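# next one to model:
(chains A, B and C)
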Amino acid sequence: MPDQITVTVNGMPVVVSSGATVAVAMVLAGQACRTSVSGQPRGPLCGMGICFECRVAIGGIPHCRSCQVLCEPGMEVTTEN
Amino acid sequence: MVAAARAAECGVRVGIVDDNFRLGGQIWRNASDHARSNDARFDDARSNVSQNNVSQYQNNEAQNTEASRSAGWVRASGATVLCGLRVVHQPEAGVLLAENLDGFCELTYDKLVLATGARERFLPFPSWTLPNVMGAGGLQAMVKSGLPIQGKRVVVAGTGPLLLAVAAYLRKHGAEIPVICEQASWRDLAKFGLALSVWPEKIIQGIQLKRDLAGVPFASNSWPLAAHGQQILESVTISRAGKNQNIPCDYLACGFHLIPNVELPLLLGCGLSNGCVQVDDFQTTTVPFVFCAGEPTSIGGVELALIEGQIAGLAAAGHASEAKALFPKRQKGRRFAQLLDRTFRLRPELRSLPSPETMVCRCEDVPYSCVRQHRSWREAKLHTRCGMGPCQGRVCGPATQFLFNWNPDSVRPPVFPARVETLAAVTGQSQRQHSEVTGGQS
Amino acid sequence: MSNAAYDVVIVGAGIVGAACADELARRGLRVAVADADVVGSGATAAGMGHIVVMDDSDAQFALTRFSQQLWQELRPELPDDVEYEQCGTIWVAADDEEMIEVRRKRDYYGERGVPTQVLDAQALYRLEPNLRAGMAGGFLVPEDGVLYPPCAARFLMERAQKQGAKLHLGVPVAQIGRGQVRLADGTEIAAAIIVNAAGARAAELTPGLEIKKRKGHLVITDRYPGFVRHQLVELGYLKSAHSVSGDSVAFNVQPRRTGQILIGSSRQYGAEHKEVDHSVLVRMLQRAQEYMPGLAQMSTVRTWTGFRAATPDKLPLIGPWAGDATSGTAGDATGDKSIFLATGHEGLGITTSLGTARILADQITGTKPEIPVEPYLPSRTAKEYAHA
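Below is the predicted model:
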């Protein structure tokens, strides 16, 4: 695996080190992972996959817990509504 | 991990299942000997299955080496490792239903060791939902997962020894820590420090921590009052020595000690005492053939978890006398657990932190003003949907328990969100029959 | 505790009890409500909240239609958290045989002035593209709707309280007697009339009531807005609801306003414990996946069960209780009208709660009921058994 990986977050390319999670990519990109029910921006809280705040859509699939998913080259991640 | 290793060494077929993609749970994340095993089918195994979800406590260099050693031990022992797999239900006795990103499988067992660990307790305060407000262990996990922290300002707040460990870790990776806010009183902390004298290894850890944290302001009797920011965290107001102080920062690492993950044990029918899984000397729960070790039996830290894990693994494998040899060490560890409990109990001021608009249920956006009107967890859940979101009350449950003294509900499957097709899986005995009837299924 | 005298004490703070409390208080009666749990508990907390006109029988149709119209009238006053949506029901026909049933329903509903639409396959998929291919068509009832029952019950109860109704929650009702209700802690609540609206537990308090618990399962998913737009029910549902014995499942899904999808339904007799029965859950979810394959990949957040109160003839019991099921007396010339029933609603409690409240209140106050009440009178049961 290459040392650095590029993924897209909301259309923007983000470079992370190999082994980084998608949640890290979101925080690096300064993008909220999701918008809450009442419209608040949200990001990772627990970092261990139980709070469900870090959910994003990956390749169109919704409700992915980004702190539990490793970045792979070319992944397309979008903030979840 | 140690339960699996010990049991496997006794010659039993062992499988170890973990939701995380690498062994080691929260603290030992990225243990260097990592593996990604995606064996989705495990239908015919007769095995001891151990689920290691999280054990959030402490962290320093020595631990990392220990972690690599344990991971290596697990592999060498011959145990089968199934990472990225989470147990969601037990549809019939001795059969667990588990799911990963690609599919699901059944895990059959004769004996089960539950090592589901603990999670952080979060308490609501104004704007705690802002991005970059995370748990203490939460931010640590993110940094371990690749989040750069060099040069970032991180306020560490809450309660428990995890705060110091996290602060030390972050600092070592280049973070600037304006302050560590511990809500416990100076007196309780001093007593804690004195009591540590019976555990020499903890004194050594303490000294190490002190060195790592030299120059980092530490405030007892201190807690967060509010986070501030437009779309993202910009600063935190804390209460310190009776005065409010506003601190600009990049991250707030805030957690109020640990809550045992008892959901799966409860689903299996294990009895609780004082909110923890009840076990006997051999770490057997009230359910036959089901053992439990580590944080779910009492929040006592890594050392206690390691001892209990070994006892459970040995007992599950039928090696009672070897298990017995570890009892004295466990006894010592349990005293430490009691000390933690006493020292880091939550102070009543923390109940007044939320404002009416503060979200208590983050999944369903239920504010404090709505939740507070109700008289029980059940009523609040029914009428506001607090606790009905995907976290299944793991965040707001402990919070409301502290805020309002509410007792939680019973646990129903799935113990973790699971796909419809997973829950709809025909398991065990009925599987072959069903295949014949419907013309076969994979 | 004080023995305040009321005109009516209602046992049960579910949606039926709440609707009755609201209606009776509105008519100026002094009302008390007793329940072991919170408002909107029991089957009200467990059910789907589907407001549906059903035609198993003329009597069922009359009550559900009457009630559905009352919900529509009430709609503007319902607060947001009741989540009332007039999304309509589509009865899904899997084959031509079921389309015959669709046309029969069209005629039946049409004769009674309920707007409906027969959908051919094309029309069906336009409305619900996520149904699996090969369906024959469907029957759309656009005035049906869905809501969130616990909050609807709370709304009705709060209205009752504003009119002076008093709640006694958290203590189980131990006994219903003449002119008083005794709680498990010894408290006695005195009233001229007692209404048993205790749902699945009604028979515990009124011995002789032929009410059986019919267990149901439900599953709710995470948010997938737009996947389902109407409440979808398979026409085979009627077979399931019809069967007097035996376990059955049927395809029945509902879009919630949150975008979550509620998946049902199941029926079991004789199941007393409330644990989720995995084999039933499996059958129910497999049935659901058969009709909507896209459900398979959806994340489920919770599963739960509830108990419907089922009567032998599938119609609720609304009216005075004669006290002896075998007496066979029509009307209530012999009995003192101190105990009334408002229970046995099976899967239609939410729908018919408002209609039940009206005709119950009519009977209590001696007003001419808005729809004929004979089919729902408790005194009918003895006669019906003879014909069963």
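
# for chain A, what's its nearest residue on the stretch 51-200 of chain C.
When scored by C-beta to the nearest C-beta, the stretch 51-200 of chain C has residue C:80 as its residue closest to chain A, at 12.1 Å. C-betas here are computed from N, CA, C, even on glycine.

# how much space between that residue and chain B?
12 Å (C-beta to the nearest C-beta, to the nearest Å).

# close to chain C: what parts of chain A are there?
With C-beta under 8 Å from any C-beta of the partner chain as the criterion, chain A meets chain C at residues A:37, A:62-63.

# which of the residues you listed lies closest to chain B?
Nearest to chain B, judged by C-beta to the nearest C-beta, of the residues of chain A next to chain C is residue A:37 at 4.1 Å.

# pretty sure the closest one sits in a strand.
No. Going by DSSP: H, G, I helix; E, B strand; the rest coil, the assignment for residue A:37 is coil, not a strand.

# my read: it touches residue B:366, true?
No. Counting by C-beta atoms under 8 Å, residue A:37 stays clear of residue B:366, with 9.0 Å between them.

# give me the more crowded residue out of these two.
residue B:366 (24 against 19; other C-beta atoms under 10 Å in any protein chain shown).

# for chain A, what spans make up the helices?
Remark: helices assigned in chain A by DSSP state H are A:22-29.

# ok, now chain C?
C:15-26, C:42-46, C:58-74, C:96-111, C:121-127, C:149-162, C:202-205, C:237-242, C:278-291, C:349-365, C:380-387.

# would you mind writing the CA trace of the shortest one as CSV?
Which is helix C:202-205. Provided in CSV are the C-alpha atoms of helix C:202-205 (Å, rounded to 0.1, in the frame of the first residue of the first chain):
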residue,chain,number,x,y,z
ALA,C,202,-58.7,-6.3,29.8
ALA,C,203,-59.7,-9.8,30.6
GLU,C,204,-57.6,-9.8,33.8
LEU,C,205,-59.8,-7.1,35.2
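
# residue 77: how many residues sit nearby?
Since you didn't name a chain, this refers to chain A. For residue A:77, using other C-beta under 10 Å, the count is 27.

# switch to chain C, that's the one I care about
If we define neighbours as other C-beta under 10 Å, then residue C:77 has 9 of them.

# now it: how far from residue C:156?
10 Å (C-beta to C-beta, to the nearest Å).

# also residue B:252?
Counting by C-beta to C-beta, the gap from residue B:252 to residue C:156 is 44 Å.

# what sits against residue C:26?
C:159-160, C:163 (C-beta atoms under 8 Å, 6 or more residues apart in numbering or on different chains).

# list buried residues within those.
C:159-160, C:163 (16 or more other C-beta atoms under 10 Å in any protein chain shown).

# what residue ranges in the stretch 151-300 of chain C are flagged as low confidence?
C:237-245 (pLDDT under 70).

# got the residues of it near chain B?
So far as C-beta under 8 Å from any C-beta goes, the stretch 151-300 of chain C lies against chain B at C:151, C:154, C:170, C:219-222, C:263, C:275-276, C:278-279, C:281-282, C:285-286, C:288-289, C:295-300.

# how about a cut-off of 7 Å?
Neighbours of chain B within the stretch 151-300 of chain C, by C-beta under 7 Å from any C-beta of the partner chain: C:151, C:154, C:222, C:276, C:278, C:281-282, C:285-286, C:289, C:295-300.

# what's the least confident helix or strand in chain B, going by average pLDDT?
Taking mean pLDDT, DSSP states H and E as the measure, chain B has strand B:47-54 as its least confident helix or strand, at a mean of 38.

# on that earlier part again, can I get the contacts of residue C:26 in JSON lines including distance to chain A?
Converted to JSON lines, those look like this (distance: C-beta to the nearest C-beta, whole Å):
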{"residue": "C:159", "distance to chain A": "27"}
{"residue": "C:160", "distance to chain A": "30"}
{"residue": "C:163", "distance to chain A": "33"}
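
# wait, what's in contact with the residue nearest to residue A:44 when sequence neighbours are not counted?
Distance criterion C-beta to C-beta, 6 or more residues apart in numbering or on different chains; nearest residue to residue A:44, sequence neighbours excluded, is residue A:54 at 3.9 Å. Taking C-beta atoms under 7 Å, 6 or more residues apart in numbering or on different chains as the contact definition, residue A:54 lies against A:23, A:33, A:43-44, A:65-67.

# now do residue B:10
B:314, B:317, B:319.

# so the first one sits against residue B:6, correct?
Right, the one you point to is residue B:314. Yes. If you go by C-beta atoms under 7 Å, residue B:314 and residue B:6 touch, sitting 5.3 Å apart.

# what's the local residue count around residue C:304?
Neighbours around residue C:304, by other C-beta under 10 Å: 15.

# tally of neighbours for residue A:72?
Residue A:72 has 13 neighbours, counted by other C-beta under 10 Å.

# can you check the pLDDT for it?
According to the prediction, residue A:72 has pLDDT 95.

# what's the answer for residue C:52, then?
98.

# and it, how close does it get to residue C:102?
From residue C:52 across to residue C:102, the span is 16 Å (C-beta to C-beta).

# one more: residue B:113?
For residue B:113, the distance to residue C:102 equals 56 Å [C-beta to C-beta].

# so how do I select the buried members of the residues of the stretch 151-300 of chain C next to chain B in PyMOL?
In PyMOL, this line selects whichever of those come out buried by 16+ other C-beta under 10 Å:
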select buried, chain C and resi 151+154+222+276+278+281+282+285+286+289+295+298+299+300
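
# ok, which residues in the stretch 51-200 of chain B are in contact with chain C?
Contacts of the stretch 51-200 of chain B with chain C, taken as C-beta under 7 Å from any C-beta, map to B:91-92.

# between the contacts of residue A:54, which sits nearest residue C:270?
Using C-beta to C-beta, residue A:65 is the member of the contacts of residue A:54 that lies nearest residue C:270, at 40.5 Å.

# next, the contact list for residue A:58, please.
A:22, A:64, A:69, A:75, A:77.

# of those, which pair is most distant in space?
A:64 and A:75 (10.2 Å).

# which of the helices of chain C sits most buried?
helix C:15-26 (a mean of 29; mean count of other C-beta atoms under 10 Å in any protein chain shown).

# starting at the chain centroid, how far to that one?
Centroid separation for helix C:15-26 versus its chain: 15 Å, with C-alpha atoms, centre = their mean, to the nearest Å.

# check stretch C:79-89 too.
Here stretch C:79-89 shows a centroid-to-chain-centroid distance of 16 Å under the convention C-alpha atoms, centre = their mean.

# give me the contact list for it.
C:52, C:75, C:78, C:140-148, C:151-152, C:155, C:229-231, C:233, C:255-257.

# now those: which count as buried?
Going by neighbour count (16+ other C-beta under 10 Å), the contacts of stretch C:79-89 have C:52, C:78, C:140-141, C:143-148, C:151-152, C:155, C:229-231, C:233, C:255-257 buried.

# from the residues you listed, which land in strands?
Within the buried ones among the contacts of stretch C:79-89, residues falling in strands by DSSP state E are C:140-141, C:145-146, C:231, C:233, C:255.

# in chain A, which spans are strands?
A:4-9, A:12-17, A:34-35, A:41-42, A:55-58, A:61-65, A:76-79.

# could you dump the ones you listed to a markdown table with distance to residue B:107 and mean pLDDT?
Shown next, in a markdown table, are the strands of chain A (distance: least, C-beta to C-beta, whole Å; pLDDT from 0 to 100):
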| stretch | distance to residue B:107 | mean pLDDT |
| --- | --- | --- |
| strand A:4-9 | 32 | 96 |
| strand A:12-17 | 33 | 95 |
| strand A:34-35 | 31 | 96 |
| strand A:41-42 | 33 | 98 |
| strand A:55-58 | 26 | 97 |
| strand A:61-65 | 22 | 94 |
| strand A:76-79 | 31 | 97 |
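
# no further queries at this time; thank you.
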